[in-house]
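Chemist: the following block contains a protein sequence and its predicted model.
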Amino acid sequence: MRKGFVAACVVACGWTSAASADIKVDIDSSNTNPVTTQAGFASFNAGSTATDAQTVAPLTVDGVTFTLFGGLDGSRNRALNATITGDPYESLLRDFVFNDATSTTQGAGIGLRIEGLAVGVYDVQSFHYDAAANTSGSVQIEVRDRDVAGSTVILVDNAPFRPEPYAYQIEVTHPGQVLELVFREDDSLDRSRLNGFILAPAVPEPGMAASLGALVGVLGAGRRRRRRR
């Protein structure tokens, strides 16, 4: 019974691990320049045209399936610039999938559907950058339950393009839940970009982890006392 109690506490606190390692995905493009996949990342090749990006097959990594959606405009593979040359994520930052708004499509975004995650809390880092000269922009990062209307939550607002990733958390609350991340253009330039992402089970706060360790120790001591009797 006490083992069950500890397990229940771990699940309730969102400490379950749904993957044995981080899932790292590089959005690649075969447009103009050779495909360059970041070392240690899975390649999600969006092709070279809008049709390619809109019809690219889902990617499955460690049992988790990722699908791009949202009327995408295509992908690009830029030449290196001074800002990202030598960056740890140099190859990842060169290419991206994009969806740019027009006067009739304000709020256009890049959708990423995530299926197959176990119940738990996850740390996400997503990259939004364009290496072309004088190409800036800003995105709004949202998460929603695919099957629940009105469930959209804004995770990051007004996030300017930059080489560094944006970090936030998502949570799967029940088995089979399908989450969707949307990276929506968020300023007058009407541009959205997604270079890639890293998804990992969240690590409990040090204080909470210590509390759990103490709880396990108390229960273990109780079991030892019973055995001595």
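Modeler: Now that the structure is in, tell me what you want to look at.
Chemist: helix, strand or coil: sort out the residue nearest in space to the middle of the chain for me.
Modeler: Here the mean C-alpha position of the chain is nearest to the C-alpha of Val124 (Cα atoms, centre = their mean), at a distance of 4.3 Å. Counting by DSSP: H, G, I helix; E, B strand; the rest coil, the backbone at Val124 sits in strand.
Chemist: report the beta-bridge partners for it.
Modeler: On the basis of DSSP bridges, Val124 is bridged to Tyr168, Leu199.
Chemist: correct me if wrong: Gly63 contacts Ile23.
Modeler: No. Look at Gly63 against Ile23 with Cβ atoms under 8 Å: they stay out of range, at 9.6 Å. (Glycine included, C-beta is placed from N, CA and C.)
Chemist: who has more neighbours out of those two?
Modeler: More neighbours sit around Ile23 than around the other of Gly63 and Ile23, counting by other Cβ atoms under 10 Å; the figures are 23 against 12.
Chemist: distance check, the closest residue to that one other than its chain neighbours against Gly150.
Modeler: With Cβ to Cβ, 6 or more residues apart in numbering as the measure, Leu199 is the residue that lies nearest to Ile23, at 4.6 Å, once sequence neighbours are left out. Computed with Cβ to Cβ, to the nearest Å, the distance linking Leu199 and Gly150 is 25 Å.
Chemist: same thing with Asp73?
Modeler: Relative to Gly150, and taking Cβ to Cβ, Asp73 is found at 27 Å.
Chemist: kindly report the same for Tyr168.
Modeler: As for Tyr168, its distance to Gly150 is 20 Å (criterion: Cβ to Cβ).
Chemist: compare these two (neighbour count), which wins?
Modeler: Set side by side, Tyr168 and Gly150 show more neighbours around Tyr168, with 16 against 6, by other Cβ under 10 Å.
Chemist: how about the contacts made by the residue nearest to Ile23?
Modeler: With contact set as Cβ atoms under 8 Å, 6 or more residues apart in numbering, Leu199 has these partners: Ala19, Asp22, Ile23, Val25, Val64, Ile114, Tyr122, Asp123, Val124.
Chemist: done for today, thanks.
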